[in-house]
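Colleague: Just need the structure, nothing else, for what follows:
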Amino acid sequence: MISLAKKIIFTIILYSISFTSFAQSLSDWNHVPVTADNNQTVIIEFSSTNLIGYEVKAFATKYEYSSPADQYNGVGPSSVSTIPVSTSVLIEASEWGESSAITGLAVMGQDNMCNSIGASNGDLISFYININGILVKINNEINYSAHGIVSINTANGFSVNGEDILLGCTDALFLEHNISANLDDGSCSTYKIPGCTINYALNYDANANSNDGSCLVEGCKDPSAINYDEYATIYDSTCIFHYPITSPINNGWNMVGFTNKDPLDITSYLTENGLINSFDIIKDITGNFWTPDVELLNTFEPGQGYLMYNRTGNSFAIQFSEKFHTEIESRLNSGWNMIGFTNIDPLDITSYLTENGLINSFDIIKDITGDFWTPDVELLNTFEPGQGYLMYNHTGNFIYVNFTD
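Modeller: Reported below is the predicted structural model:
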């Protein structure tokens with residue numbers, strides 16, 4: 001029986017050998033093994049098309065022992081070698097699965113009848129790509145199994161002589177240049193033409209394909225403006241500043257529009273802003289409600305309106321965001337809706353509905369005071385920033401509105 005110490009030593013030796021990268025030579029690459037019939041079929045999938053046209057070949061790691069019993073007695077191999085066990089095969093474009101390129105090869109097994117020195121069951125099989133005379137290892141190996149079929153990919157990357165590499169275009173004169181690549185794979189194809197590539201710049205060059213930083217762009221250079229242009233080099237006084245929408249809160253009932261682009265937890269918002277004791281009730285259009293004791297309504301939703309009862313006896317103002325948001329879209333169901341007006345500027349109701357093809361979509365629009373708009377009577381004329389409105393959609397369909405388009 002093999003001692004525990006021998007087993008441990010043998011395991012360490014095999015572990016060390018199995019993870020050693022054996023460099024191949026072009027003479028190995030050019031060797032064509034004898035064809036045998038106990039092959040293993042291997043399909044290799046590539047995530048990039050850059051390697052199309054290059055060749056792949058399989059090599060087996062062989063362990064030689066001084067005595068057949070050494071392997072079982074904890075004695076390490078006397079020598080380790082690698083031998084080619086396939087022909088070289090071309091990497092081609094793929095329409096199979098999610099791979100961009102693919103190849104398939106036969107790993108040839110040991111066959112004494114054919115005088116074939118090939119792989120034996122359990123041998124470690126490595127795969128190499130010949131890239132302009134450099135043999136690049138695919139960091140994904142298999143163990144040989146006669147007559148088996150296996151598929152591998154290149155997700156583990158590539159290496160040369162044990163050093164991980166990144167394939168790509170290494171020539172900075174080309175558009176395809178990858179600054180992280182350390183082995184050129186032939187993917188360089190388009191020379192850079194330096195110039196200004198911003199099409200609204202004063203010195204735009206239609207022939208340029210690589211921006212060289214020479215663009216002269218008039219625009220707003222202030223990052224706090226809503227029309228800030230990161231490419232602007234010439235300040236033209238066009239900056240537009242829109243600050244957060246403020247909603248006035250009167251004593252008693254208010255209809256308030258929620259003007260943040262992200263939902264907010266009601267209790268958290270009120271607590272963080274010192275308003276947790278300011279409201280008796282907050283209601284949405286469905287009848288769900290929030291009170292300090294009962295929370296059937298939990299969240300303020302972008303673009304929606306809410307009835308809020310201020311019990312403080314005083315008037316104040318609230319803000320739901322730190323900036324003005326233009327990307328809020330409100331969905332109006334068929335029937336009654338309570339919608340928040342999310343523009344920073346007032347809008348004439350009739351003009352807005354007409355310009356957006358909605359003039360025949362609503363029976364009535366009401367504010368908290370009871371003033372109303374209908375197609376025939378306009379006691380309510382203007383949408384005001386931060387306010388909520390009851391709107392009756394009579395189309396029978398959903399309507400989506402963005403008051404800031």
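
Colleague: all helices for this structure, in order.
Modeller: 4-18, 26-30, 266-272, 349-355 (DSSP state H).

Colleague: Could you tell me the least trusted of these?
Modeller: If you rank these by mean pLDDT, helix 4-18 sits at the bottom with a mean of 35.

Colleague: pLDDT score for the residue nearest to T170 when sequence neighbours are not counted?
Modeller: Of all residues not flanking T170 in the chain, D184 sits nearest, at 4.3 Å (C-beta to C-beta, 6 or more residues apart in numbering). Any C-beta I mention is one placed from the backbone N, CA and C, and that applies to glycine too. Per-residue confidence (pLDDT) for D184: 89.

Colleague: The one 10 residues further on now?
Modeller: Residue-level confidence at P194 comes out at 95, pLDDT.

Colleague: again with A23
Modeller: 47.

Colleague: still on that earlier bit, so the residue nearest to T170 sits right up against A172, yeah?
Modeller: No. The criterion here is C-beta atoms under 8 Å, and D184 misses it with A172 at 11.6 Å.

Colleague: quick one: which of the two has more around it?
Modeller: Using other C-beta atoms under 10 Å, the more surrounded residue of D184 and A172 is D184, with 17 against 10.

Colleague: now N211: how far from S189?
Modeller: Noted for N211: a distance of 19 Å to S189, by C-beta to C-beta, to the nearest Å.

Colleague: hang on, isn't L51 packed against F158?
Modeller: No. Counting by C-beta under 8 Å, no contact exists between L51 and F158, whose distance comes to 9.5 Å.

Colleague: Please identify which of those two sits among more neighbours.
Modeller: Remark: of L51 and F158, L51 carries more neighbours, 26 against 21, as counted by other C-beta under 10 Å.

Colleague: Contacts only, for Y235.
Modeller: G219, C220, K221 (C-beta atoms under 8 Å, 6 or more residues apart in numbering).

Colleague: in the sheet, who's paired with it?
Modeller: On the basis of DSSP bridges, Y235 is bridged to G219.

Colleague: Next: L264.
Modeller: Residues in beta-bridge contact with L264 (DSSP bridges): F300.

Colleague: swap in Q319?
Modeller: T246.

Colleague: Show the low-confidence segments of the stretch 1-150 of the chain, by residue range.
Modeller: 1-27, 36, 69-72, 96-98, 112-116 (pLDDT under 70).

Colleague: repeat that for 50
Modeller: 1-23 (pLDDT under 50).

Colleague: The stretch 151-300 of the chain now?
Modeller: Those would be none, if you go by pLDDT under 50 across the stretch 151-300 of the chain.

Colleague: ranges for the strands of it?
Modeller: Along the stretch 151-300 of the chain, counting by DSSP state E, counting those that start in this stretch, strands occupy 158-160, 163-165, 167-168, 183-184, 194-195, 210-211, 218-219, 234-235, 246-249, 252-257, 264-265, 279-283, 289-290, 299-300.

Colleague: between these, which gets nearest to Q319?
Modeller: Q319 lies closest to strand 246-249 among these, at 5.5 Å (C-beta to C-beta).

Colleague: Which strands and helices lie in contact with that closest one?
Modeller: strand 252-257, strand 316-319 (3 or more C-beta pairs under 8 Å, 6 or more residues apart in numbering; DSSP states H and E).

Colleague: List the contacts of A146.
Modeller: Taking C-beta under 8 Å, 6+ apart as the test, what A146 contacts is N38, N39, Q40, G109, N121.

Colleague: next one: Q304
Modeller: Q304 neighbours (C-beta under 8 Å, 6+ apart): G257, F258, D284, I285, S330, M338, I339, G340.

Colleague: Nearest spatial neighbour of the first one, chain-adjacent residues omitted?
Modeller: Spatially, and ignoring its direct neighbours in sequence, G257 is nearest to G340 (2.3 Å; C-beta to C-beta, 6+ apart).

Colleague: Please report the number of neighbouring residues for that neighbour.
Modeller: So G340, with other C-beta under 10 Å, has 29 neighbours.

Colleague: mind checking the end-to-end distance for stretch 66-81?
Modeller: With C-alpha to C-alpha, to the nearest Å as the measure, the ends of stretch 66-81 fall 14 Å from one another.

Colleague: For the residue nearest to T170, give the beta-bridge partners.
Modeller: In this structure, D184 bridges to G168 when assessed by DSSP bridges.

Colleague: if I look at it, how far off is T49?
Modeller: From D184 to T49 the distance is 16 Å (C-beta to C-beta).

Colleague: same check, this time on S361
Modeller: 50 Å.

Colleague: Look at those two and report which has more neighbours.
Modeller: Shown here are S361 and T49; by other C-beta under 10 Å, S361 has more neighbours (18 against 15).

Colleague: The more buried one contacts G396, doesn't it?
Modeller: No. Using C-beta under 8 Å, S361 is not in contact with G396, being 10.3 Å away.
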